[in-house]
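Asker: following is a predicted model, sequence given first.
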Amino acid sequence: MHNEFEQMDKEYIVNVYNRLDAVLDHGKGSVLYDVDGKEYIDLSAGIAVNIFGVCDDVWQQAVIAQLGKLNHISNVFYTEPQIILAKKLCEKTGMKKVFFSNSGAEANECAIKTARKYSHDKYGDGRYTIITLKNSFHGRTIATLTACGQDSLHQDFGPFVDGFVYADADNFDSVKKLAEENNVCAIMMELVQGEGGVHPLDPAFVHAVADYAKAHDILVVIDEVQTGNGRTGALYAYMKYGIEPDIVTTAKAIGGGLPFAVTMFADSCQHTLTDHTHGSTFGGNPICAAGAISIVDRLDDQLMAEVTKKGEYIKKELESCQNVEWVSGLGLMLGVKLKKDLAEVVNGCVDAGVLVLTANGLLRLLPPLNIPMDVLQKGIEKVKAVIDK
Ligand SMILES: Cc1ncc(COP(=O)(O)O)c(C=O)c1O
């Protein structure tokens, strides 16, 4: 059965994902099953989406209740789930306003537009350049793809959007030089670079950049599409770093498995987007927003402590493997540098019944945040056995 599906997938769906050998059918929490009934422990969470596992009861009930009330109506009208969610997010973060959209890329597009307009409103034409970091990932639309500091992603799709320059991560002089040479409106960064190789930025670098930006009225945009919503052991990673960004973007986990994204604005730019300067047909959709409330409500200190503890456990276990060079990351966002072929390990894990990921040459683990300890232990034992086989 599963070979038949794989063949049809390859025939009818554009082959951009290099899919792993599992046709997944259903699951509950951190355990999934394929169409042939084989069991998998999930250490991937749909790439940092399913933080409470698949088909999480609380989220499911919130979504089903909203589905029976109002599935969609235009953003020209008020809807309750959006308003409640916005208030909760502002209260939990101290940010002043939010804009809802449907994907990480869109949340970042909104941040880019806001940064440009903020500067245009204050300084007029020309102050539109955004500094991003080498190895960063910000999305796949043309503007967010331009923002990505990875040449390999840029090869086939030029011409790109004007106004992006790339600094070396963890090198403040590189940021300062670009800021002096260009007319810069913002600096945008992931605090743990995800797709680029699970690299947590040096806190001293982040603080130097944030201080410099504040002194020069350059907006600090933090992309928390992957790091956000508890993944690093803090509600948002910027809280762990102790900085005060002007704009924070998030997506993935906040939707609980439905497409949902948020761009949050601090006081500095809360009034930048005005009537008809931005919008989205589905952004803030009542079903997605009702589900998101059920996610945000459960991001508490107890969960954060659990994330930190489980992350430390995984790190320690994997560091003890002969074929592991090092483990990087924060909380439950981990990258593993192997001394053996990555594809062999990934395929071996799937074969052994564990779902894992890769990121720029590393094995990447992003388990559900609430994965039960016994399930996690079972999964990690399987991964260790494959690595040291
Ligand atoms: C840091 C970061 N920003 C943006 C994106 C793009 O998000 P989406 O795929 O939802 O557009 C991703 C996706 O992996 C990401 O990790």
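Answerer: Received the coordinates, thanks. Residues are numbered from 1 along each chain as shown.
Asker: count of residues packed around the residue in the chain that the ligand sits nearest to?
Answerer: Closest contact between the chain and the ligand, by CB to the nearest ligand atom, is at G104 (2.3 Å). In this view, the C-beta of every residue, glycine as well, is placed from N, C-alpha and C. By the measure other CB atoms under 10 Å, the count of residues near G104 is 24.
Asker: ok, A289 next?
Answerer: Neighbours of A289 using other CB under 10 Å come to 26.
Asker: quick check: it touching V98?
Answerer: No. Checked against CB atoms under 8 Å, the pair A289 and V98 is beyond contact range at 10.7 Å.
Asker: just the strands from the stretch 101-250 of the chain, written as ranges.
Answerer: Using DSSP state E, counting those that start in this stretch, the strands of the stretch 101-250 of the chain run over 129-133, 164-167, 184-189, 192-193, 199-200, 219-223, 247-250.
Asker: which one of the ones you listed lies closest to S174?
Answerer: Minimum separation from S174 across the strands of the stretch 101-250 of the chain (CB to CB) falls at strand 164-167, 4.3 Å.
Asker: ok, the closest one: who's next to it in the sheet?
Answerer: Paired strands of strand 164-167, with direction, are strand 129-133 (parallel) (DSSP bridges).
Asker: now do the strand it pairs with, average pLDDT.
Answerer: On average, the pLDDT along strand 129-133 is 98.
Asker: kindly report the same for stretch 57-70.
Answerer: pLDDT averaged over stretch 57-70 gives 98.
Asker: need the residues of the stretch 1-150 of the chain near the ligand, please.
Answerer: Neighbours of the ligand within the stretch 1-150 of the chain, by CB under 6 Å from any ligand atom: 103-105, 108, 137-139.
Asker: isn't L89 up against F99?
Answerer: No. Contact between L89 and F99 fails when scored by CB under 8 Å: they sit 11.0 Å apart.
Asker: okay, and the common contacts of the two?
Answerer: Overlap of the contact sets of L89 and F99 (by CB atoms under 8 Å, 6 or more residues apart in numbering) consists of V262.
Asker: can you give the domain ranges for this protein?
Answerer: In terms of domains, the chain is parsed into 2-55+300-387, 70-296 (source: automatic domain parsing).
Asker: ok, which of the strands of the stretch 101-250 of the chain comes nearest C321?
Answerer: Closest to C321 of the strands of the stretch 101-250 of the chain, according to CB to CB: strand 199-200, at 20.4 Å.
Asker: show residues contacting the closest one.
Answerer: Outside strand 199-200, the residues within contact range by CB under 8 Å, 6+ apart are 135, 169, 191-193, 328-330, 335.
Asker: in TSV, list those residues along with neighbour count.
Answerer: TSV is the format used below for these (neighbours: other CB atoms under 10 Å):
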residue	neighbour count
N135	18
A169	22
L191	27
V192	26
Q193	27
S328	19
G329	25
L330	21
G335	26
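Asker: max pairwise distance over those residues: which two?
Answerer: Maximum pairwise distance among these (CB to CB): 16.1 Å, between N135 and L330.
Asker: tell me how many other residues surround the residue lying closest to T79 once chain neighbours are set aside.
Answerer: Nearest residue to T79, sequence neighbours excluded (CB to CB, 6 or more residues apart in numbering): P286, at 5.0 Å. Residues near P286, counting by other CB under 10 Å, number 19.
Asker: what's the answer for I13, then?
Answerer: Neighbours of I13 under the rule other CB under 10 Å: 10.
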